[in-house]
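K.L.:
Got a predicted structure here, sequence first:
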Amino acid sequence: MTAPMVIIGSGFAAYQLIKNIRRQDTTLAIQVFTADDGDDYNKPDLSHVFSKQQDADALILQSGADFAAQYQVELLANTRVERVDTQAQCLYANGERYEYSKLIFATGANAFVPPVKGDGAASIITLNSLSEYRRSQQALKQAARILIMGGGLIGVELAMDLQTSGKEVIVVEPNSRLLANVAPDFVALKLEQPLRDGGMTLELNDYVTTIAPSASEQAFMVTTKAGKVFDVDCVISAAGLRPNTQLAQQAGIEIKHGIVVDAQLKASADNVYALGDCAEINGKLMAFLQPIILSANALAKQLLGQSSQLSFPPMMVKVKTPSYPIQVGGKFNTDSSWRVGFDKGGVTAEAFDAQNNMTGFVVTDENAKQAFSLLRKLSAA
Ligand SMILES: Cc1cc2nc3c(=O)[nH]c(=O)nc-3n(C[C@H](O)[C@H](O)[C@H](O)COP(=O)(O)OP(=O)(O)OC[C@H]3O[C@@H](n4cnc5c(N)ncnc54)[C@H](O)[C@@H]3O)c2cc1C
């Protein structure tokens, strides 16, 4: 009997791949190993659980067991893969050996927690998965004052949502602006004002050095490099992600920033592939949904013996900050030149490279409605 195709992970990347395969093939044997319970949920919904007063269970779209039945896969939930042997084409989990014909890493990424001193450091909360939210939801619900380490995309989304839900929020960000790697300064500045007006403390150009348990029970005294001290009930780290590559690395598979794969999503070992937040595709990490959708589509074809070449068109990211909606498309950097329009509908800005080619755009507020037409313009450029 031929060994099944094995997928490690049950996040968006894994489940998107399975859905794509099953659209074309209902007989291929698929085994899914996941360290969590395998329930299907939409991870971006974690950005607004506080204002919507949703607990972790409310985010589940389909239980792991129901997903497995619907898509005819064998789901090994709460089963962490401990070791992979790419020579023997097998893996080990729960003390058992399992063979594979093809192996797909969809192991995601871990939230990065910057090194911090103090006995409170072990209580830092991360919110990069449903299970992380489940573990912390009670503490977050009861907290009145919450400090967020990191003012990037996730930090800002969580901060605005916590503020909307009535919490006192402090964001500590090492850069001089929020959304430093996402949006240009003139957009970030416009976001900062309404957040401050709503009572949020933005501590920019600074970072957390120590978290000590405070005198009052279950609270923390957070000290920053600049010497500021904040008394808070919870600390969340939203300081970026690190691709989950340890298992692949131990198996001798090439790793740089993520699991290195080519435009066919092939890793350095035979019959091994990777997609999603764990993968470094043609040198790039892309930890958001649109590249995963395109990757899953291309990889499904590849695994079913059809030819496919993955290419990424200009893509768009929505910053889920409802009181100041922002849509960002394409690429830009500090060398980009900008054509910026401000009107009562918000900002419409196009980015250009040194050859005056349009490379990206940012739209805000009401002007966010222009995002798709700008994306078309960018794709045609
Ligand atoms: C708060 C938040 C908001 C976001 N909002 C947006 C948004 O608006 N738009 C957007 O495009 N993107 C957004 N993203 C990013 C997007 O959600 C992720 O890129 C995507 O969900 C990653 O999916 P994944 O399957 O690669 O990884 P994950 O969902 O992390 O799945 C990894 C899986 O691997 C399993 N696993 C790992 N190691 C092992 C092992 N050894 N054995 C067995 N199983 C293992 C885990 O249990 C898990 O099931 C957001 C992310 C967050 C955290």
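P.N.:
That came through fine. Because the structure is predicted, anything quoted here is derived from the model rather than measured.
K.L.:
switch to C-alpha atoms for all contacts and neighbour counts from now on
P.N.:
OK.
K.L.:
The ligand contacts on the stretch 1-150 of the chain?
P.N.:
Proximity of the stretch 1-150 of the chain to the ligand (C-alpha under 6 Å from any ligand atom) is limited to residues 8-14, 33-36, 43-44, 46-47, 79-82, 106-109, 127-128.
K.L.:
redo that, cut-off 5 Å
P.N.:
9-13, 34-36, 43-44, 46-47, 80-81, 107-108, 128 (C-alpha under 5 Å from any ligand atom).
K.L.:
Please indicate which of the residues you listed are buried?
P.N.:
Among these, those classed as buried by 16 or more other C-alpha atoms under 10 Å are 9-13, 34, 36, 43, 46-47, 80-81, 107-108, 128.
K.L.:
Show only the entries of these found in strands.
P.N.:
Judged by DSSP state E, these include residue 81 as members of strands.
K.L.:
Let me see the backbone angles for the closest residue to residue 128 other than its chain neighbours.
P.N.:
The shortest distance from residue 128 to any non-neighbouring residue, by C-alpha to C-alpha, 6 or more residues apart in numbering, is to residue 111 (6.0 Å). Residue 111 adopts backbone torsions of phi -70, psi 130, taken as degrees, to the nearest 10.
K.L.:
Mind telling me what element residue 7 is part of?
P.N.:
strand 5-8 (DSSP states H and E).
K.L.:
Now stretch 186-199: buried residues?
P.N.:
187-188, 191-192, 195.
K.L.:
What are the boundaries of the helices in this structure?
P.N.:
According to DSSP state H, the chain carries its helices in the segments 12-24, 64-70, 130-142, 153-164, 185-197, 246-250, 289-303, 371-380.
K.L.:
So which residues lie in contact with the last one, not counting its own?
P.N.:
Right, helix 371-380. For helix 371-380, the surrounding residues in contact (C-alpha atoms under 8 Å, 6 or more residues apart in numbering) are 313-316, 327-330, 358-363.
K.L.:
Now that helix: average pLDDT?
P.N.:
Over the span of helix 371-380, the pLDDT mean works out to 91.
K.L.:
chain center to that helix, what's the gap?
P.N.:
Mean-position distance between helix 371-380 and its chain equals 24 Å (C-alpha atoms, centre = their mean, to the nearest Å).
K.L.:
Could you export it as PDB, CA atoms only?
P.N.:
C-alpha atoms of helix 371-380 as PDB (Å, rounded to 0.1, in the frame of the first residue of the first chain):
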ATOM      1  CA  ALA A 371      -8.200  50.100  -3.300                       C
ATOM      2  CA  PHE A 372      -9.300  47.600  -6.000                       C
ATOM      3  CA  SER A 373      -9.100  50.100  -8.900                       C
ATOM      4  CA  LEU A 374      -5.600  51.100  -7.700                       C
ATOM      5  CA  LEU A 375      -4.700  47.400  -7.500                       C
ATOM      6  CA  ARG A 376      -5.800  47.000 -11.100                       C
ATOM      7  CA  LYS A 377      -3.800  50.100 -12.100                       C
ATOM      8  CA  LEU A 378      -0.800  48.600 -10.300                       C
ATOM      9  CA  SER A 379      -1.200  45.200 -12.000                       C
ATOM     10  CA  ALA A 380      -1.300  46.900 -15.400                       C
END
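K.L.:
Would you mark the buried spots in it?
P.N.:
Across helix 371-380, burial judged by 16+ other C-alpha under 10 Å covers 371, 374-375, 378.
K.L.:
Using TSV, lay out these together with distance to the ligand.
P.N.:
TSV is the format used below for the buried residues of helix 371-380 (distance: C-alpha to the nearest ligand atom, whole Å):
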residue	distance to the ligand
371	15
374	18
375	16
378	19
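K.L.:
Roughly how far does residue 341 sit from residue 334?
P.N.:
Distance, residue 341 to residue 334, using C-alpha to C-alpha, to the nearest Å: 19 Å.
K.L.:
Pick out whichever of those two has more residues nearby.
P.N.:
Ranked by neighbour count (other C-alpha atoms under 10 Å), residue 341 and residue 334 place residue 341 first, with 12 against 8.
K.L.:
What degree of burial does the nearest residue to the more buried one once chain neighbours are set aside show, as a neighbour count?
P.N.:
Nearest-residue entry for residue 341: residue 348, 5.1 Å, with adjacent residues in sequence omitted and distances by C-alpha to C-alpha, 6+ apart. Other residues lying near residue 348 total 23 when counted by other C-alpha under 10 Å.
K.L.:
which ones are touching residue 348?
P.N.:
Residue 348 neighbours (C-alpha under 8 Å, 6+ apart): 340-342, 361-364, 367.
K.L.:
let's go with 10 Å and repeat that
P.N.:
Contact partners of residue 348, counting by C-alpha atoms under 10 Å, 6 or more residues apart in numbering, are 187, 327, 339-342, 361-368, 370-371, 374.
K.L.:
Kindly report the same for residue 188.
P.N.:
For residue 188, the contact set (C-alpha under 10 Å, 6+ apart) comprises 177-180, 182, 326.
K.L.:
Name the member of the residues you listed that has the highest neighbour count.
P.N.:
Ranked by neighbour count (other C-alpha under 10 Å), the contacts of residue 188 have residue 178 at the top, with 28 neighbours.
K.L.:
Looks like residue 100 contacts residue 91 (just checking).
P.N.:
Yes: if you go by C-alpha atoms under 10 Å, residue 100 and residue 91 touch, sitting 7.7 Å apart.
K.L.:
send the alpha carbons of stretch 112-128 over as PDB?
P.N.:
What follows is stretch 112-128, C-alpha atoms only, in PDB (Å, rounded to 0.1, in the frame of the first residue of the first chain):
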ATOM      1  CA  PHE A 112       8.300  36.500  18.800                       C
ATOM      2  CA  VAL A 113       8.700  37.700  22.400                       C
ATOM      3  CA  PRO A 114      11.600  40.100  22.800                       C
ATOM      4  CA  PRO A 115      14.000  39.400  25.700                       C
ATOM      5  CA  VAL A 116      12.700  41.100  28.800                       C
ATOM      6  CA  LYS A 117      14.000  40.900  32.400                       C
ATOM      7  CA  GLY A 118      12.000  40.300  35.500                       C
ATOM      8  CA  ASP A 119       9.700  37.700  37.000                       C
ATOM      9  CA  GLY A 120       6.700  39.000  35.100                       C
ATOM     10  CA  ALA A 121       8.300  38.100  31.800                       C
ATOM     11  CA  ALA A 122       6.900  34.600  31.900                       C
ATOM     12  CA  SER A 123       3.400  36.000  31.900                       C
ATOM     13  CA  ILE A 124       3.700  37.800  28.600                       C
ATOM     14  CA  ILE A 125       0.600  36.900  26.400                       C
ATOM     15  CA  THR A 126       0.800  36.100  22.700                       C
ATOM     16  CA  LEU A 127      -2.200  36.000  20.400                       C
ATOM     17  CA  ASN A 128      -1.000  34.200  17.200                       C
END
